[in-house]
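Novice: Whatever this is, show me its structure:
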Amino acid sequence: MSSTELPGVRSTVEPNPQVGAVRVAEGERLRTVTLPGLELNVRFRPPVREGLPPALFVHGLGGSSQNWSVLMEQLADSVDAEAVDLPGFGWSPPPADRDYSLTALARAVIRHLDAAGRGPVHLFGNSLGGAVSTRIAAVRPDLVRTLTLVSPALPELRVQRSAVPTALLALPGMATLCTRLTRGLTAEQRTRGVTALCYGDPARVTPEGFGWAVEEMERRMALPYFWDALARSSRGIVDAYTLGGQHGLWRQAQRVLAPTLLVYGGRDQLVSYRMARKAAAAFRGSRLLCLPEAGHVAMMEYPDVVATAFRELLHDTDRDTEDGKG
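Specialist: Here you go, the predicted structure:
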């Protein structure tokens, strides 16, 4: 794994206590970005040709950059793609200050984009990553060319029952309790539970893909900070849901200027399908893709459909830009 570091900048983050081997899809590479107090793992595909616009993909709660591998491959001819592991997830170690608030996660992504000088990017976000991406697009419009949100974690008045356990992770002491309660579960059992929760149809996961997911689960559960990162990030989402005024997520959604594609799944057990139209009304000039059979991770279940919708957004955005120049 190569390392890229700002000249003259020394990291204040602790050494990465990762275990096991990271899986990299064919054509993908990894690098480590080191900033003061922060170390981020970045998964990327070398562009197939020069001049492709940059894109950045941000995963959801408990996920990793690997969640975007299939979609990144689908879009290899359209964008210069990177996917980041948020602090404490995937192969990124916890932040030095242990701050997993939505603001801190958004700041981490912004710092990466500023340091890399890749903006404005085509920004993608799923679930928690969707909320993070919404905040970035609202506060730093200069960094975002288009915004694609797959089941974004935006505040809901009536949370689905199946999403309650995730919200309960935000309670104090839950990390320790979850560690104790799940100690007897195998990695395969845990993976089946996550798959059943996140996919509209778990049968769409291939045996090979499921095997890889089990390997990743085994690796994650061996990390000493796994439940702490999950619990603190859950608390960050809950805290963000309670914010009002200009810092509220729905208010920030209304401030987004970038052309936006919203993707919702009809079988999503974590983000309600009924929020799709509210989101479409909040993000000005947005386009909405509803997939009745999809769950929470449509980019993994229906990557071809999501890729086609994004290409249409990209084409129309480029055309509008050219028309504006004329």
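Novice: On the three-state scheme, Arg267 is what?
Specialist: coil (DSSP: H, G, I helix; E, B strand; the rest coil).
Novice: Chain neighbours aside, what residue packs nearest to it?
Specialist: Once flanking residues are discounted, Arg267 sits nearest to Gly200: 3.5 Å by Cβ to Cβ, 6 or more residues apart in numbering. Any C-beta I mention is one placed from the backbone N, CA and C, and that applies to glycine too.
Novice: where do the helices sit along this protein?
Specialist: All helices of the chain, identified by DSSP state H, fall at 69-74, 102-116, 128-139, 164-168, 174-181, 187-198, 207-221, 226-242, 249-255, 275-282, 298-301, 303-325.
Novice: Burial check on the spatially closest residue to Gly90 that is not a sequence neighbour, number of neighbours?
Specialist: Counting by Cβ to Cβ, 6+ apart, Gly90 lies nearest to Ser64, which is 3.2 Å off, once chain neighbours are set aside. Burial of Ser64 is recorded as 22 neighbouring residues (other Cβ atoms under 10 Å).
Novice: same deal with Thr206?
Specialist: 9.
Novice: for Ala137, same thing?
Specialist: 27.
Novice: got the contact list for it?
Specialist: 123, 143-144, 147, 256-258, 260 (Cβ atoms under 8 Å, 6 or more residues apart in numbering).
Novice: make it 6 Å
Specialist: 144, 147, 256, 258 (Cβ atoms under 6 Å, 6 or more residues apart in numbering).
Novice: for Gly295, same thing?
Specialist: 198-200, 265, 267-268.
Novice: and of the helices of the chain, who's closest to Leu56?
Specialist: The closest approach between Leu56 and any of the helices of the chain, judged by Cβ to Cβ, belongs to helix 102-116 at 6.9 Å.
Novice: buried stuff in that closest one?
Specialist: 102-113, 115-116 (16 or more other Cβ atoms under 10 Å).
Novice: Output the residues you listed as a markdown table; include the columns pLDDT.
Specialist: Below are those laid out as a markdown table (pLDDT from 0 to 100):
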| residue | pLDDT |
| --- | --- |
| Leu102 | 95 |
| Thr103 | 95 |
| Ala104 | 96 |
| Leu105 | 97 |
| Ala106 | 97 |
| Arg107 | 97 |
| Ala108 | 97 |
| Val109 | 98 |
| Ile110 | 98 |
| Arg111 | 97 |
| His112 | 97 |
| Leu113 | 97 |
| Ala115 | 96 |
| Ala116 | 95 |
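Novice: and the nearest residue to Gly248 once chain neighbours are set aside, how many residues sit next to it?
Specialist: The shortest distance from Gly248 to any residue other than its chain neighbours is 7.6 Å, reached at Pro155 (Cβ to Cβ, 6+ apart). When neighbours are defined as other Cβ under 10 Å, Pro155 has 17 of them.
Novice: looking at it, Pro155 is touching Ala240, isn't it?
Specialist: No: here Pro155 does not reach Ala240: they are 7.7 Å apart, not a contact under Cβ atoms under 6 Å.
Novice: For Gly184, grab the count of nearby residues.
Specialist: Count around Gly184 with other Cβ under 10 Å applied: 7.
Novice: where's it relative to Leu223, distance?
Specialist: 19 Å (Cβ to Cβ, to the nearest Å).
Novice: now swap in Phe124 and tell me
Specialist: Applying Cβ to Cβ, the value for Phe124 to Leu223 is 25 Å.
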